[in-house]
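Peer 1: just coords:
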């Protein structure tokens, strides 16, 4: 290859590196680099830590409440199933008959008089 072409690429690369160093700055090579870096990271984390703790608390509370309500539903369903199995066939029919013959479930019977019939009375 041509030397002038390689020299141009190296000069272009050197200019690119110089622009990078100007933009980023010199790296910190002191012994305090890592402690300062962790302080910066912790400062960023502390802004959102209260929100994060609150969100975790509410998620845990919602999951606990869902489990509690699910358990109550399961226990109540099992209790009703045991109660249903404990009743005899005659008791079940009697309870159903009582519901069917109750006053509030009977349809109301009424007659509508036509206007001609009302005048006749």
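Peer 2: Looks like it came in fine. None of these values were measured; they are calculated from a predicted model.

Peer 1: so where's this protein uncertain?
Peer 2: 1-7, 81-86, 95-108, 118, 120-121 (pLDDT under 70).

Peer 1: what about the longest helix in it?
Peer 2: Taking DSSP state H as the criterion, the chain has its longest helix at helix 33-86.

Peer 1: tell me what that one is packed against?
Peer 2: With contacts taken as 3 or more C-beta pairs under 8 Å, 6 or more residues apart in numbering; DSSP states H and E, helix 33-86 sits against no other helix or strand. All C-beta spots, glycine's among them, are computed from the backbone N, C-alpha and C.

Peer 1: how far off centre is it?
Peer 2: Counting by C-alpha atoms, centre = their mean, to the nearest Å, helix 33-86 is centred 10 Å from the centre of its parent chain.

Peer 1: kindly provide the distance from residue 15 to residue 117.
Peer 2: 110 Å (C-beta to C-beta, to the nearest Å).

Peer 1: oh, that last question was meant for residue 27, not what I typed.
Peer 2: 107 Å.

Peer 1: and if you look at residue 24?
Peer 2: The spacing between residue 24 and residue 117, counted by C-beta to C-beta, is 102 Å.

Peer 1: ditto for residue 32
Peer 2: As for residue 32, its distance to residue 117 is 107 Å (criterion: C-beta to C-beta).

Peer 1: likewise for residue 57?
Peer 2: Here residue 57 is placed at a distance of 73 Å from residue 117 (C-beta to C-beta).

Peer 1: do the same with residue 55
Peer 2: Distance from residue 55 to residue 117, counting by C-beta to C-beta: 73 Å.
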